[in-house]
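**Student:** Quick check, what structure comes out for this input:
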Amino acid sequence: MHKASAYPAMTATSGVAVPEQPGAAAAEALGPAPVVRDLRDRAGRAPRQLCFGAGDLVVVSGLPGSGKTTLIDRVVASPRFDSQNARDRWARRMPGFLPYALYRPLVRIAHYAGLRRALRSGASVVVHDCGTQSWVRRWLAREALRRGRGLHLLLLDVDPDTALAGQRERGRGVSRYAFARHRRAVGRLVRDAERGRIPAGCASAVLLDRDAADRLRGIGFGR
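**Tutor:** Alright, predicted model coming up:
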């Protein structure tokens, strides 16, 4: 059984306490105080919207195939950065016979250059994270600190078989070795969050299972 959060269902947004409304799963606000919210196993009662402070940063982590890209594309209107989208854009411009490995460094440079520009603009940004790139989270934490805002972690807790099925469905997969690395990294993040521990520099973590992710309709920023 998943552990419930030990933190109260009340957070602060712009200094105003926002309690969770009884029986209402329409929206939940997350402010700068460190907090873990466990939205798993809610039997269809997970919130439809997650609200963060204006200028905050959000990292979405989970196993390859867990549905991170699908979730981000469906619920995020603010600037969003997913290296797979950068790869797809480059692939459309490259000859079909050219292996991805040959232009992968260019894709990575373009992806992180675009992310850096968005961060410097001061806008709220949502970033796709595979769970293994802790240096990206450290970078985002430094940027959140620089602008005086919060960094928030959304963790998709999906079992490995479901994630592998998701990879097959989208027609893209990772090697067995890479998937094992992802399992260890994401598993560690989930276990830490269940114990109330979140990565250094994060203001909050939200645990989502597939049902909660499917129910979510928006990630917003502001009051």
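
**Student:** Strands of this structure, residue ranges please.
**Tutor:** Listed in chain order, the strands of the chain (DSSP state E) span residues 10-13, 16-19, 28-29, 35-38, 49-52, 57-62, 80-81, 125-129, 151-156, 204-208, 218-221.

**Student:** Now do the fifth one, average pLDDT.
**Tutor:** This means strand 49-52. The average pLDDT for strand 49-52 rounds to 92.

**Student:** How far does it sit from its chain's centre?
**Tutor:** 13 Å (CA atoms, centre = their mean, to the nearest Å).

**Student:** List the buried residues for that strand?
**Tutor:** 50-52 (16 or more other CB atoms under 10 Å). Just so you know, the C-beta spots here come from the backbone N, C-alpha and C atoms, and that holds for glycine as well.

**Student:** And it, what does it pack against?
**Tutor:** When contacts are defined as 3 or more CB pairs under 8 Å, 6 or more residues apart in numbering; DSSP states H and E, strand 49-52 packs onto strand 28-29, strand 218-221.

**Student:** which one of the buried residues of strand 49-52 sits closest to residue 179?
**Tutor:** residue 50 (27.6 Å; CB to CB).

**Student:** circling back to that earlier point, which of the helices and strands packed on strand 49-52 has the lowest mean pLDDT?
**Tutor:** strand 28-29 (a mean of 54).

**Student:** Spit out the contact partners of residue 131.
**Tutor:** By CB atoms under 8 Å, 6 or more residues apart in numbering, the contact set of residue 131 is 61-63, 182, 185-186, 189.

**Student:** now do 6 Å
**Tutor:** 61, 182, 185-186 (CB atoms under 6 Å, 6 or more residues apart in numbering).

**Student:** What's the PyMOL line that selects buried ones from these?
**Tutor:** Only the buried members of those enter the following PyMOL selection, criterion being 16+ other CB under 10 Å:
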select buried, resi 61+182+185+186
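
**Student:** what's the farthest-apart pair in the contacts of residue 131?
**Tutor:** Once CB to CB is applied, the contacts of residue 131 give 61 and 182 as the farthest pair, at 9.6 Å.

**Student:** Quick test: name the residue nearest the centre of this structure.
**Tutor:** residue 60 (0.8 Å; CA atoms, centre = their mean).

**Student:** Which residue ranges of this protein form helices?
**Tutor:** Here the chain has its helices, by DSSP state H, at 68-75, 83-93, 100-121, 134-147, 160-170, 176-194, 210-215.

**Student:** Take those and write them to a markdown table, including distance to residue 43.
**Tutor:** As requested, those are exported to a markdown table (distance: least, CB to CB, whole Å):
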| stretch | distance to residue 43 |
| --- | --- |
| helix 68-75 | 20 |
| helix 83-93 | 31 |
| helix 100-121 | 37 |
| helix 134-147 | 31 |
| helix 160-170 | 18 |
| helix 176-194 | 19 |
| helix 210-215 | 8 |
